[in-house]
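1. below are the sequence and a predicted model for it; my questions follow.
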Amino acid sequence: LQDPRLSQNKLALEGLEDIKMLFQYLTLFGVTDNVSFDLSLARGLDYYTGVIYEAVLLQNQGEVQLQQQNDHAEESVSVGSVAGGGRYDELVGMFDAKGRKVPCVGLSIGTERIFAVMEQKAKISEEKIRTTETQILVAAAQKNFLEERMKIISDLWNAGIKAEMLYKENPKLLNQLHYCEETGIPLVAIIGEQEMKDGVVKLRIVPTREEINVPQGNLIEEIKKRSS
């Protein structure tokens, strides 16, 4: 703002005033450490009328060390711009019959790029990505337990627990367990002849493969405790 050449340019002066106001607000929010002012930044579309910005994904030191320690990591996690946008006060007015000026700010997010980075990070850290919100799978240890599974899953749904089961009439137990491991379902409620006889449900903790017998009347409480 002190430069005599810039101060004589109306557009430059307006732009610098916008940047000054932006950093005042960023300071109030305490996020200036996460913002970098870059005069070389440019957007490919010409409808922007003010500040433009990009969100850049950085690789922290912990991720770098984990990557170096992991012998299975063949390539680094991609970093860079994952979102971008800016101010475009005149864009909406182009579609208004009266040409009214409507202040607007927006951005677009590179969803595919974010997912690609998440997959690469998970591969390096060997972290299992959950593909479902299901809390528990109701499984059968033997054949002919479809109705018992349906009764248990109905009780779980009524208690607000996200539960599911395989919809084959007689799925193999191993296939049911593999399904949980592949999708990231953390718990399995297993019902079979011995469990029915003892009045219990076998609860399997998928990540550790630990199994405990839970009285049928306590199953909901046990699931909620382990899901909290």
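-> Sure thing, it's come through.

2. I'd like the next helix or strand past the helix or strand of the chain with the lowest mean pLDDT.
-> Least confident helix or strand of the chain, by mean pLDDT, DSSP states H and E, is helix 61-69 with a mean of 49. Under the assignment DSSP states H and E, the closest C-terminal helix or strand after helix 61-69 is strand 80-87.

3. so in that sheet, which strands flank that following strand, and in what orientation?
-> strand 52-57 (antiparallel), strand 105-109 (antiparallel) (DSSP bridges).

4. can you tell me what sits against the longest one?
-> Among residues not part of strand 52-57, those counted as contacts by C-beta atoms under 8 Å, 6 or more residues apart in numbering are 41-43, 79-87, 107, 114, 117. Any C-beta I mention is one placed from the backbone N, CA and C, and that applies to glycine too.

5. farthest pair within these?
-> Greatest spatial distance in the contacts of strand 52-57: 87 and 117, 27.1 Å, computed using C-beta to C-beta.

6. in this structure, where's the longest helix?
-> With DSSP state H applied, the helix covering the greatest number of residues in the chain is identified as helix 10-29.

7. what's in contact with it?
-> 1, 6-7, 32, 35, 37, 50-51.

8. tilt between that helix and strand 80-87?
-> Per axes from the mean of the first three to the mean of the last three C-alpha atoms, to 10 degrees, the angle that helix 10-29 makes with strand 80-87 is 120 degrees.

9. and helix 10-29, how far out from the chain middle?
-> How far helix 10-29 lies from its chain's middle: 32 Å, per C-alpha atoms, centre = their mean, to the nearest Å.

10. residues of that helix that come out buried?
-> Within helix 10-29, the residues that count as buried by 16 or more other C-beta atoms under 10 Å are residue 16.

11. what's the mean pLDDT across that helix?
-> Across helix 10-29, pLDDT averages out at 88.

12. and for stretch 48-57?
-> Across stretch 48-57, the average pLDDT comes to 88.

13. buried stuff in that stretch?
-> Judged by neighbour count using 16+ other C-beta under 10 Å, the buried positions of stretch 48-57 are 48-50, 52-54.
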